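Colleague: let's see this in three dimensions:
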Amino acid sequence: MKSIFTFVIVVLFTTTINAQSWNFEAGNNITRYVFTNSAGNNPDFLKSSSGLHLALSRENKLSKVFFYDLGLAYNQYNSVGDVQNIPFSYQADFMGLTGGIGPSYTGLHGLTVSAKASTAVQKMINGNQFLQNHYVDLAGDDQFTGLKLSVGFTLAITKKVNDQVSVYTSFQHLDTNTFGTSTLNFIPSTFSFGLKIASK
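Modeller: This is a model prediction of the structure:
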């Protein structure tokens with residue numbers, strides 16, 4: 001994983017000539033945990049909860065209307081619930097690589113609308129479960145450890161402020177794809193505001 005991060009950082013900082021912009025964004029994840037037990041059932045005791053989203057990426061132009069981006073992201077994927085009136089919560093911090101590709105269109109009032117197919121590869125860096133007045137470290141839980149691959153889409157609306165700076169708001173929906181007899185998948189919906197700084 002460290003070598004992958006190193007590769008992405010090198011790519012981010014050595015594609016200045018071809019890069020169109022640096023993208024900085026912050027927002028909020030509303031995450032749903034989908035647990036499937038060994039019988040194939042999905043218990044409904046897990047409820048969505050919110051968490052922080054931060055990302056830094058480089059966006060490049062493939063053609064007149066197609067763009068792709070590659071970057072780094074930090075996400076909090078949290079959940080709450082209760083079983084037999086016993087409340088509990090999960091707090092999990094993930095870091096990883098993100099990417100997307102898709103078209104954009106500039107239309108009315110100079111607004112640019114873009115839609116991208118998105119993916120992310122992430123790993124939990126910290127996590128705990130709060131249950132019956134004590135915390136359980138999730139580092140030893142196989143359902144949280146290891147690399148998590150997510151796929152989904154991102155929709156964004158961008159407004160140019162000047163030749164170098166634009167602001168945008170985006171919505172992203174991702175879904176991990178974990179298979180097996182007993183699985184836990186993370187389905188975050190992310191609302192973000194961001195700043196684009198164009199490269200010369």
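
Colleague: now the strands for this protein?
Modeller: For the chain, the strands defined by DSSP state E cover 19-36, 46-61, 66-83, 86-106, 111-131, 134-137, 147-160, 165-176, 183-198.

Colleague: can you redo those as CSV with mean pLDDT and mean neighbour count?
Modeller: C-beta: built from backbone N, CA, C; applies to glycine. Supplementary listing: the strands of the chain in CSV, determined by pLDDT from 0 to 100; neighbours: other CB atoms under 10 Å:
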stretch, mean pLDDT, mean neighbour count
strand 19-36, 92, 18
strand 46-61, 96, 18
strand 66-83, 95, 19
strand 86-106, 95, 17
strand 111-131, 96, 17
strand 134-137, 92, 11
strand 147-160, 96, 17
strand 165-176, 96, 18
strand 183-198, 95, 18
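
Colleague: hang on, isn't residue 119 packed against residue 154?
Modeller: No: at 10.2 Å, residue 119 does not count as touching residue 154 under the criterion of CB atoms under 8 Å.

Colleague: what do these two both touch?
Modeller: Contact criterion CB atoms under 8 Å, 6 or more residues apart in numbering; residues shared by residue 119 and residue 154: residue 100.

Colleague: partner residues bridging the residue nearest to residue 141 when sequence neighbours are not counted?
Modeller: In this structure, residue 141 finds its nearest non-sequential neighbour in residue 127, 7.8 Å apart by CB to CB, 6 or more residues apart in numbering. Per DSSP bridges, residues listed as beta-bridge partners of residue 127: residue 92.
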